[in-house]
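Student: Structural data only, the sequence is not supplied:
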């Protein structure tokens with residue numbers, strides 16, 4: 001009897017310690033998820049949610065909407081392009097910092113400034129910079145006798161500009177994570193490669209990059225998720241225009257809910273968008289899982 005009591009007590013302690021976390025997740029994660037799913041299957045507005053059961057009508061309407069289906073494609077394109085650009089640039093900057101010194105110092109601090117800048121401020125600053133009239137970019141071009149440009153005036157230019165802005169802000173995040181991974185590469189591997197006659201490029205391609213591949217895949221996964229969630233710079237810089245050329249799914253869902261007051265339709269679009277994010281990111285997650293299994 002005396003032996004079983006301490007065992008039962010030891011079992012109850014972890015459960016008691018985990019209770020606050022479980023309650024937190026139930027309130028702030030499970031409840032909103034269930035509520036959104038409930039909205040998606042009902043006729044709901046901002047003033048009158050969960051009114052009438054509509055089944056899959058909201059999902060059918062969302063999939064038949066050219067605005068929403070187009071925004072899905074643009075969200076995927078934006079997330080993939082932004083993640084690819086930032087992974088390449090961030091890795092390159094991390095390699096340069098690692099080659100320069102073991103501690104990034106002042107240069108590393110300066111490179112991290114865009115990351116700590118609020119997204120709304122980033123959007124406002126870039127919008128002022130690229131303004132066709134009175135913008136700093138056109139002012140500099142006119143000063144040297146070159147014609148002005150309006151990158152936000154065309155569909156392709158506006159979309160590419162958003163990718164550039166997002167990359168300017170989030171490349172330091174990638175650089176920071178990759179730099180930390182590079183610090184973990186054993187010097188013995190580099191020295192052994194040098195003794196075998198491998199140059200810097202061969203060492204990078206055959207030793208360093210394979211060693212940090214799990215980190216690169218994790219960063220790619222994070223950046224895909226962050227890219228899918230982009231809203232601030234779209235709202236501030238282009239407001240989804242010109243036309244619908246920069247309307248991502250997050251912006252389209254916001255417009256459906258808060259401008260058209262169709263909360264049920266917005267909830268259904270949110271569920272579909274979440275499924276798409278899971279589908280795209282699962283490809284990278286499976287690749288990372290296979291890499292871990294091979295490494296083991």
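Tutor: Right, received. Where do you want to start? Here the structure is a predicted model, which means the values were calculated and not measured.
Student: and residue 77, how many neighbours?
Tutor: Using other C-beta atoms under 10 Å, residue 77 is surrounded by 14 other residues. Using the backbone N, CA and C atoms, a C-beta is placed for each residue, glycine as well.
Student: Helix or strand: which one has it?
Tutor: helix 66-100 (DSSP states H and E).
Student: for the record, mean pLDDT for whichever helix or strand comes after that helix?
Tutor: Under the assignment DSSP H and E, the closest C-terminal helix or strand after helix 66-100 is helix 105-111. Average pLDDT, helix 105-111: 76.
Student: what's the offset of whichever helix or strand comes after helix 105-111 from the middle of its chain?
Tutor: As assigned by DSSP H and E, the chain's next helix or strand after helix 105-111 is helix 113-116. In terms of C-alpha atoms, centre = their mean, to the nearest Å, the centre of helix 113-116 is set 15 Å apart from its chain centre.
Student: what residues does helix 113-116 touch?
Tutor: The list of residues contacting helix 113-116 from outside it, by C-beta atoms under 8 Å, 6 or more residues apart in numbering, reads 122, 168, 169, 170, 171, 172, 173, 176.
Student: I figured residue 182 was touching residue 96, is that so?
Tutor: No: using C-beta atoms under 8 Å, residue 182 is not in contact with residue 96, being 10.5 Å away.
Student: what's the nearest residue to residue 42 if we skip its chain neighbours?
Tutor: Spatial nearest neighbour of residue 42, chain neighbours left out: residue 50 (5.0 Å); criterion: C-beta to C-beta, 6 or more residues apart in numbering.
Student: My error: substitute residue 277 in the last question.
Tutor: Closest to residue 277 by C-beta to C-beta, 6+ apart is residue 228, at 4.9 Å.
Student: residues near that neighbour, how many?
Tutor: 23.
Student: Report the contact partners of it.
Tutor: Contacts of residue 228 (C-beta under 8 Å, 6+ apart): 75, 76, 79, 249, 250, 273, 277, 280.
Student: Try it again at 6 Å.
Tutor: 75, 79, 277 (C-beta atoms under 6 Å, 6 or more residues apart in numbering).
Student: and which of those residues is nearest to residue 129?
Tutor: The shortest approach to residue 129 among the contacts of residue 228 belongs to residue 79, at 24.0 Å (C-beta to C-beta).
Student: Please tell me how far residue 126 sits from residue 22.
Tutor: 42 Å (C-beta to C-beta, to the nearest Å).
Student: Other residues contacting whichever strand or helix holds residue 191?
Tutor: If you go by DSSP H and E, residue 191 is part of helix 187-195. Helix 187-195 is contacted from outside by 203, 207, using C-beta under 6 Å, 6+ apart.
Student: For the helix or strand that that helix is followed by, report the contacting residues that lie outside it.
Tutor: Following helix 187-195 in sequence order, the next helix or strand is helix 200-203 (DSSP H and E). Here helix 200-203 makes contact (C-beta under 6 Å, 6+ apart) with residue 193.
Student: Please enumerate the helices of the stretch 151-296 of the chain.
Tutor: 155-183, 187-195, 200-203, 209-211, 213-228, 232-233, 249-258, 263-295 (DSSP state H, counting those that start in this stretch).
Student: Below-threshold pLDDT in the stretch 51-200 of the chain: ranges please.
Tutor: 101-105 (pLDDT under 70).
Student: again, only this time at 90
Tutor: 51, 96-113, 115-116, 132-135, 142, 145-146, 148, 183-200 (pLDDT under 90).
Student: What about residue 230, how many residues nearby?
Tutor: Quick note: residue 230 (other C-beta under 10 Å) scores 23 neighbours.
Student: same check, this time on residue 191
Tutor: There are 11 residues near residue 191, going by other C-beta under 10 Å.
Student: how near is residue 253 to residue 208?
Tutor: 41 Å.
Student: centre of the chain versus stretch 64-81, how much separation?
Tutor: 15 Å.
Student: List the buried residues of that stretch.
Tutor: Residues of stretch 64-81 classed as buried: 68, 70, 71, 72, 74, 75, 76, 78, 79, 80, 81 (neighbour count, 16 or more other C-beta atoms under 10 Å).
Student: Please report the distance of the nearest residue to the fifth one once chain neighbours are set aside from residue 242.
Tutor: In this structure, residue 74 finds its nearest non-sequential neighbour in residue 248, 5.6 Å apart by C-beta to C-beta, 6+ apart. Applying C-beta to C-beta, the value for residue 248 to residue 242 is 14 Å.
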